[in-house]
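**Student:** Turn this into a model:
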Amino acid sequence: MKLTGDRILGVLAVVAAASIWGTLGLFAKILYAQGVSFEALVAVRASVGWVAVMAFVLATGKAKSLRVSGRDLAFLAPLGLVGIGFFYLLYFFTVGESTVGTAAILLYSSPAFVVVLARLFLREALNAAKVLALSLTAGGIFLVAGAYDPSNLEATPTVLLTGLLSGLTYGLYSIFGRPLTGHLSPSIILSYALFFGSLLLVAAALPTLDTLAGLPASSYALLFMLAVVHTTLGFALYTFGLARLGAGRAAIVATVEPVVAGVLGTVLLGEALTAPKLVGALLVISGAALAQVSRSTFQQVS
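**Tutor:** Numbering: from 1, shown residues only. Now for the predicted structure:
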């Protein structure tokens, strides 16, 4: 890829977006320590994020574009319920039960799931590069989880399951979103996805909404930041970069996200980074990048 000035700006925008998303786990850990439940956290993030995206849609004069067909709704509803709702629940539960780095690496099993799902449901060819990507991802997860030593697992079976399911639901966003990208703008798709996701997340959070009461002002500021900065700003930066790089290249650049998450977890939270986990992380990131080389996918905002 020849780095013209426009593409350099695209790379910087995607790196900025991925770096913002890489701090999600760190801020979630801070809020968990103050008693906020993961259900309440994701409900606030999705619902306030939806309000912010709707404000953007209305401010840019795209309100008429909110009228969509019944066929589009048939994809938008599962896009939000699964790709936002279940994904947020699974990922932030994994962050709470494991390390920030482990959760981020397991999330990046998503491109491997997309390769398999695209083969099953979209009839995409499974070439040598994709098979190698799947192998690298599987080997990396084996090392990150510590499966080479069952007596001293780095990730419990529950964490491994929820972490991989977060990757699966993240990947399903691409599958459900694929039929919509040709005629709906990213902001309209995200507004519907966050709306349907918020319905599920608010319902799931009802029993623990009281954990949001009586927090210091700094905690409410963090919650607002997770909703607006990590959703709306991250989305805007990624979309800017996506237009200049293309989906495949942007997805490869975005693999800095688990790197940022791992570094922050190690430096600021004192999370252990063993040699096998480091090698495993590199394998998963390599597999994620390779999976994008030969295909262009619809991308989700983290």
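
**Student:** contacts for the helix or strand containing residue 170?
**Tutor:** Using DSSP states H and E, residue 170 maps to helix 157-177. Around helix 157-177, the neighbours that count as contacts under C-beta atoms under 8 Å, 6 or more residues apart in numbering are 75, 78-79, 82-84, 86-87, 90-91, 93-94, 97-98, 102-103, 106-114, 117-118, 121-122, 141, 145, 155, 189, 193, 297-300, 302. Every residue, glycine included, has its C-beta placed from N, CA and C.

**Student:** Of those, grab the buried ones for PyMOL.
**Tutor:** Those of the contacts of helix 157-177 that count as buried under 16 or more other C-beta atoms under 10 Å are selected in PyMOL with:
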select buried, resi 75+78+79+82+83+84+86+87+90+91+93+94+97+98+102+103+106+107+108+109+110+111+112+113+114+117+118+141+145+155+189+193+297+298+299+300+302
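
**Student:** Can you list which of the contacts of helix 157-177 are found in strands?
**Tutor:** Judged by DSSP state E, the contacts of helix 157-177 include no members of strands.

**Student:** now, which of the contacts of helix 157-177 lie within helices?
**Tutor:** 75, 78-79, 87, 90-91, 93-94, 97, 102-103, 106-107, 110-114, 117-118, 121, 141, 145, 189, 193 (DSSP state H).

**Student:** From residue 225, how far out is residue 192?
**Tutor:** 23 Å (C-beta to C-beta, to the nearest Å).

**Student:** Same question for residue 116.
**Tutor:** 35 Å.

**Student:** what comes up buried for the host helix or strand of residue 26?
**Tutor:** Element membership for residue 26 (DSSP H and E) is helix 24-33. Buried residues in helix 24-33, defined by neighbour count with 16+ other C-beta under 10 Å: 24-29, 31-32.

**Student:** now stretch 66-79
**Tutor:** Neighbour count says stretch 66-79 has 68, 72, 75-79 buried, by 16+ other C-beta under 10 Å.

**Student:** Farthest-apart pair in these, please.
**Tutor:** The distance between the two most remote of the buried residues of stretch 66-79 (C-beta to C-beta) is 14.2 Å, for 68 and 78.

**Student:** Can you get me a residue count around residue 50?
**Tutor:** 25 (other C-beta atoms under 10 Å).

**Student:** Not counting sequence-adjacent ones, nearest residue to it?
**Tutor:** residue 194 (3.8 Å; C-beta to C-beta, 6 or more residues apart in numbering).

**Student:** ok, and what's touching stretch 31-43?
**Tutor:** With C-beta under 8 Å, 6+ apart, stretch 31-43 has contacts from 28, 88-89, 92-93, 95-96, 198, 201-202, 204-205, 207-209, 211-212, 215-216, 219, 222-223, 226.

**Student:** which among those end up buried?
**Tutor:** 28, 88-89, 92-93, 95-96, 198, 201-202, 204-205, 208, 211-212, 215, 219, 222-223, 226.

**Student:** Mind pulling the model confidence for residue 73?
**Tutor:** The model reports residue 73 with a pLDDT of 96.
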